[in-house]
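[1] structure, please.
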Amino acid sequence: MLNTVQFYYFSPTGGTKKAGMIFCNGIAENVKGYNLCDRENEPEQPDSDLAVFAAPVFGGRIPGVVTESIRRLNGSGTRTVTLAVYGNRAYEDALLELNRTVEEQGFQVTASAALIAQHSMAPEVGKGRPDDADEKEILDFARMVLDKMGKNPEGQVKVPGNFPYKVGMNMPAAPISLPSCTGCGKCEKSCPTGAISVNGNAVATDTEKCILCMACTAACLEHARILPPPLQQAMEEKLGALKTVRRENEFFL
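    So this is what the prediction gives:
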């Protein structure tokens, strides 16, 4: 086991963090976590034996806010494991994009994985994942990474994907607030792009800034923040066939 790993994650609804923490706890005794959703606190620069980056997949890409956060870090040759976490549909160019982004900042990618988590917009897709079977696979992967680091940490890790990347997701829509909203401001604070403003019980969302990460819906204790019903219905119809499909995690060393 390593002594300490630094864990950089963007996890608006918790699935990406959950998958990444399974890996981190399997490879190190101590985990220093940095939430890339947090607009108020900058993550520390890497200073440990291993950095782990975990990002969700939005429409086959990693969110631009993740790329912006990583570009403020200086890898200086730090060994890195990258994790693209997706909602049981497809990860397309996301893992390649994540790897290229960290490599451009001087990190050395030792291993990568594409992991499954519950879909943020259609919770019945990938429901309950990562589950016990996923945890076993991820912990096995952690042991393989440790073995590689001890024997042969060099060498480029090849992952699927295409460059130039596919066009990123761009839907001019945003979650809405129901009349049960109390104006507590948790949605405003949780939004990683600053798209939400709260004035009393009035909640306004800038659809140009919103990336549909669903952080605000996860943060709302009153369950008063939802996707517009037509959009929710469209997502359910688009992804409904995946409810009975179990995608497998993929690992690259």
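
[2] mind checking which helix or strand residue 115 is in?
    Per DSSP states H and E: residue 115 is located in strand 108-116.

[3] helices or strands up against the next helix or strand after that strand?
    Going down the chain from strand 108-116, the next helix or strand is helix 132-151, by DSSP H and E. Here helix 132-151 touches helix 15-27, strand 108-116, strand 250-252, going by 3 or more CB pairs under 8 Å, 6 or more residues apart in numbering; DSSP states H and E. C-betas here are computed from N, CA, C, even on glycine.

[4] for the strand holding residue 115, packing partners?
    The contact analysis (3+ CB pairs under 8 Å, 6+ apart) places strand 108-116 against helix 15-27, strand 79-86, helix 94-104, helix 132-151, strand 250-252.

[5] again, 6 Å this time
    Using 3 or more CB pairs under 6 Å, 6 or more residues apart in numbering; DSSP states H and E as the contact test, the elements touching strand 108-116 are strand 79-86, helix 94-104, strand 250-252.

[6] partner strands of it and their direction?
    Applying DSSP bridges, strand 108-116 is found paired with strand 79-86 (parallel), strand 250-252 (antiparallel).

[7] any low-confidence regions in the stretch 101-250 of the chain?
    For the stretch 101-250 of the chain, the stretches flagged by pLDDT under 70 are 153-155.

[8] let me know which of the strands paired with strand 108-116 is tucked in deepest.
    strand 79-86 (a mean of 27; mean count of other CB atoms under 10 Å).

[9] okay if I get the helices and strands packed on strand 108-116 as TSV plus distance to residue 138?
    Below are the helices and strands packed on strand 108-116 laid out as TSV (distance: least, CB to CB, whole Å):
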stretch	distance to residue 138
strand 79-86	9
helix 94-104	15
strand 250-252	9
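
[10] any chance of the helices and strands packed on helix 132-151 in TSV, with distance to residue 1 too?
    Listed next are those as TSV, based on distance: least, CB to CB, whole Å:
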stretch	distance to residue 1
helix 15-27	7
strand 108-116	16
strand 250-252	19
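
[11] which of those sits closest to residue 214?
    Closest approach to residue 214 among these (CB to CB): helix 15-27, 10.2 Å.

[12] what element comes up after the closest one heading to the C-terminus?
    Following helix 15-27 in sequence, per DSSP H and E, is strand 28-35.

[13] okay, buried residues for that following strand please.
    For strand 28-35, a neighbour-count test (16 or more other CB atoms under 10 Å) marks 28, 31-35 as buried.

[14] what is the nearest of the residues you listed to residue 99?
    Minimum distance to residue 99 across the buried residues of strand 28-35 is 18.8 Å, recorded for residue 34 (CB to CB).

[15] need the per-residue pLDDT for that closest one.
    The model reports residue 34 with a pLDDT of 96.

[16] and the residue lying closest to it once chain neighbours are set aside, how many neighbours does it have?
    Among residues not flanking residue 34 along the chain, residue 43 sits closest, at 3.5 Å (CB to CB, 6 or more residues apart in numbering). Residues lying near residue 43 (other CB atoms under 10 Å) number 19.

[17] that's a helix at residue 43, yeah?
    No - per DSSP: H, G, I helix; E, B strand; the rest coil, residue 43 lies outside any helix segment and is coil.

[18] so it touches residue 35, yeah?
    No - at 8.0 Å, residue 43 does not count as touching residue 35 under the criterion of CB atoms under 6 Å.

[19] so residue 158, which state does it fall into?
    What three-state DSSP gives for residue 158 is coil.

[20] OK, contacts around the residue lying closest to residue 80 once chain neighbours are set aside?
    Spatial nearest neighbour of residue 80, excluding adjacent residues (CB to CB, 6+ apart): residue 107 at 4.1 Å. Shown in contact with residue 107 (CB atoms under 6 Å, 6 or more residues apart in numbering): 75, 78, 80.
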